[in-house]
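Trainee: fold the stuff below for me.
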Amino acid sequence: VMPCDLSTDKKFVWNYDNIPNEDFEIVLKAAPRFDLNHYYTKYCVDSGKKIIERLYEYEFLYEEKAPKSWWGWKLHNATYDSFRYDNNV
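Mentor: Presented below is the predicted three-dimensional model:
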């Protein structure tokens, strides 16, 4: 699974808030486009801020551990090799 972003508008990162017009400039980029702090809103006060939460979520959804290519490593400024995956999940 490899999510992508199309919009470069920092105002459109959550829910249906600030949806761009249909003529917005499309710039395909692998997600996440912005750093983690930019995605925090009043809707997710503490949810999803820790890499361990995201790893549990990944394993629950896909019934496997996150691979080295998982986008979450970049988002949380970590790598598969530097994170002691077997000791934390």
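
Trainee: all strands of the chain, in order?
Mentor: 4-5, 29-30 (DSSP state E).

Trainee: rank those strands by pLDDT, which is bottom?
Mentor: With a mean of 70, strand 4-5 has the lowest mean pLDDT of the strands of the chain.

Trainee: I figured Pro32 hits Leu75, correct?
Mentor: Yes. Pro32 lies in contact with Leu75 (C-beta atoms under 8 Å); the separation is 4.9 Å. Where you see a C-beta, it was placed from the backbone N, CA and C, and this is true even at glycine.

Trainee: distance between the ends of stretch 62-74?
Mentor: 19 Å (C-alpha to C-alpha, to the nearest Å).

Trainee: which positions within it qualify as buried?
Mentor: Within stretch 62-74, the residues that count as buried by 16 or more other C-beta atoms under 10 Å are 66, 70-73.

Trainee: which of the residues you listed lies closest to Glu53?
Mentor: Lowest distance from Glu53 to those (C-beta to C-beta) belongs to Gly72, with 10.0 Å.

Trainee: how close does that closest one get to Asp35?
Mentor: 13 Å (C-beta to C-beta, to the nearest Å).

Trainee: can you give me the pLDDT of the residue of the chain most remote from its centre?
Mentor: Largest separation from the mean C-alpha position in the chain: Asp23, at 25.2 Å (C-alpha atoms, centre = their mean). Listed pLDDT for Asp23 reads 85.
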